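Trainee: whatever this is, show me its structure:
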Amino acid sequence: MKVDEFLGSIEKILLQNGPRTLIGIVGKPGIGKSTLVERVKAEYPGVEVSTISLDGYHLSNETLETLGARGRKGAPDTFDYKSFVELLRRVKSANQDIRFPIFHREIEASVADEGVVPAAARVVIVEGNYLLSTDYGWGEVADLLDFSYYLELQEDVRLERLIERHVRYGKSPEAAREWAMGTDESNARFWKVIFASNACGRAKWDVRSDKDSRRIIGLFRSQRAGNSPSRLIEFSWPT
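Mentor: The predicted structure follows:
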């Protein structure tokens, strides 16, 4: 599926005039989730399509220091998953504006109530690493998503982009590589556990990579239909 086709699928949902739809975008760190979300925001700048990032629910640096987990920030157990699940429950059913925190990489902290899902939002894109995990309390998230897209990218390209992102937000090249190959890579390996356990027990994953670095390969799964077949999707991505 090309990006334009993905955007077209959002348009079809909007034309159906049905209930609010939550779409999950999941994958390893640096895979392109935020990039895809920014494309969606540019295409739909109004109130009908809204976006939420899991990153806003990072535990604070102070809390992580207390837990001895500051060096593992971004791991599946370093988020306030309970508040995130509660947010999705409210977004799923509310007919009023819902506010939520937004994470800022330049300060490595979240700003409370900075984001908003407008009452008029018909489609909400939710992006994050662990939306389909069943461990560390994440098991409730998948049931709140109507559709989920898993993104995959050639590993060397993903790591290169991840290191570049860390440098862009203030890390030295050496520190950026160390974090990407250490903490980030541990979080990326967590995906192998998800696939090995057939995430959420609903369908067997069929994930493949592509030697073309301009493509993101992923798996589409319908949560709402329950018995709908899974199908592989392919995002053509500009260099």
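Trainee: so what's the residue count around Phe190?
Mentor: Counted with other Cβ atoms under 10 Å, residues neighbouring Phe190 total 17. (Glycine included, C-beta is placed from N, CA and C.)
Trainee: name the nearest residue to it, sequence neighbours excluded.
Mentor: Pro76 (6.0 Å; Cβ to Cβ, 6 or more residues apart in numbering).
Trainee: ok, the one you found touching Ser186?
Mentor: No: contact criterion Cβ atoms under 8 Å: Pro76 and Ser186 do not qualify, at 9.9 Å.
Trainee: tell me which of these two has more neighbours.
Mentor: Each of Pro76 and Ser186 has its neighbours counted (other Cβ under 10 Å); Pro76 has more, 19 against 14.
Trainee: show me what contacts the more buried one?
Mentor: 129-130, 133, 135-136, 138, 187, 190 (Cβ atoms under 8 Å, 6 or more residues apart in numbering).
Trainee: make sure it is indeed in a helix.
Mentor: No: according to DSSP: H, G, I helix; E, B strand; the rest coil, Pro76 belongs to no helix; its state is coil.
Trainee: and the contacts of Pro76, which of them are buried?
Mentor: 129-130, 133, 138, 187, 190 (16 or more other Cβ atoms under 10 Å).
Trainee: restricted to helices, list these.
Mentor: 187, 190 (DSSP state H).
Trainee: now distance to Leu87 and pLDDT too, for the buried ones among the contacts of Pro76, in JSON lines please.
Mentor: Conversion of the buried ones among the contacts of Pro76 to JSON lines gives the following (distance: Cβ to Cβ, whole Å; pLDDT from 0 to 100):
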{"residue": "Asn129", "distance to Leu87": "16", "pLDDT": "87"}
{"residue": "Tyr130", "distance to Leu87": "14", "pLDDT": "86"}
{"residue": "Ser133", "distance to Leu87": "17", "pLDDT": "83"}
{"residue": "Trp138", "distance to Leu87": "14", "pLDDT": "88"}
{"residue": "Asn187", "distance to Leu87": "21", "pLDDT": "72"}
{"residue": "Phe190", "distance to Leu87": "22", "pLDDT": "71"}
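Trainee: can you name the two of the buried ones among the contacts of Pro76 that are farthest apart?
Mentor: Trp138 and Asn187 (12.8 Å; Cβ to Cβ).
Trainee: buried residues in stretch 173-185?
Mentor: 176-177, 179-180, 183-185.
Trainee: just the helices in the protein please.
Mentor: 3-16, 33-43, 61-67, 81-93, 155-168, 173-179, 185-196.
Trainee: and the contacts of the fifth one?
Mentor: Counting by Cβ under 8 Å, 6+ apart, helix 155-168 makes contact with 28-32, 105, 173, 175-177, 179-181, 184, 209, 213, all of which sit outside it.
Trainee: now that helix: mean pLDDT?
Mentor: Taken as a whole, helix 155-168 has a mean pLDDT of 82.
Trainee: pLDDT below threshold where in this protein?
Mentor: Where the chain drops to pLDDT under 70, the residues are 1-2, 191-239.
Trainee: do you know how far the residue nearest to Phe147 when sequence neighbours are not counted is from Ala121?
Mentor: Leaving aside its sequence neighbours, Phe147 sits nearest to Ile23 (Cβ to Cβ, 6+ apart; 4.9 Å). Ile23 is 12 Å from Ala121, where distance means Cβ to Cβ, to the nearest Å.
Trainee: pretty sure Phe79 contacts His58?
Mentor: Yes: contact criterion Cβ under 8 Å: Phe79 and His58 qualify, at 6.0 Å.
Trainee: which one of those two has more residues nearby?
Mentor: Phe79 (23 against 19).
Trainee: if we can go back for a sec, now the helices of the chain in JSON lines, with distance to Val111?
Mentor: Shown next, in JSON lines, are the helices of the chain (distance: least, Cβ to Cβ, whole Å):
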{"stretch": "helix 3-16", "distance to Val111": "27"}
{"stretch": "helix 33-43", "distance to Val111": "17"}
{"stretch": "helix 61-67", "distance to Val111": "14"}
{"stretch": "helix 81-93", "distance to Val111": "15"}
{"stretch": "helix 155-168", "distance to Val111": "19"}
{"stretch": "helix 173-179", "distance to Val111": "22"}
{"stretch": "helix 185-196", "distance to Val111": "23"}
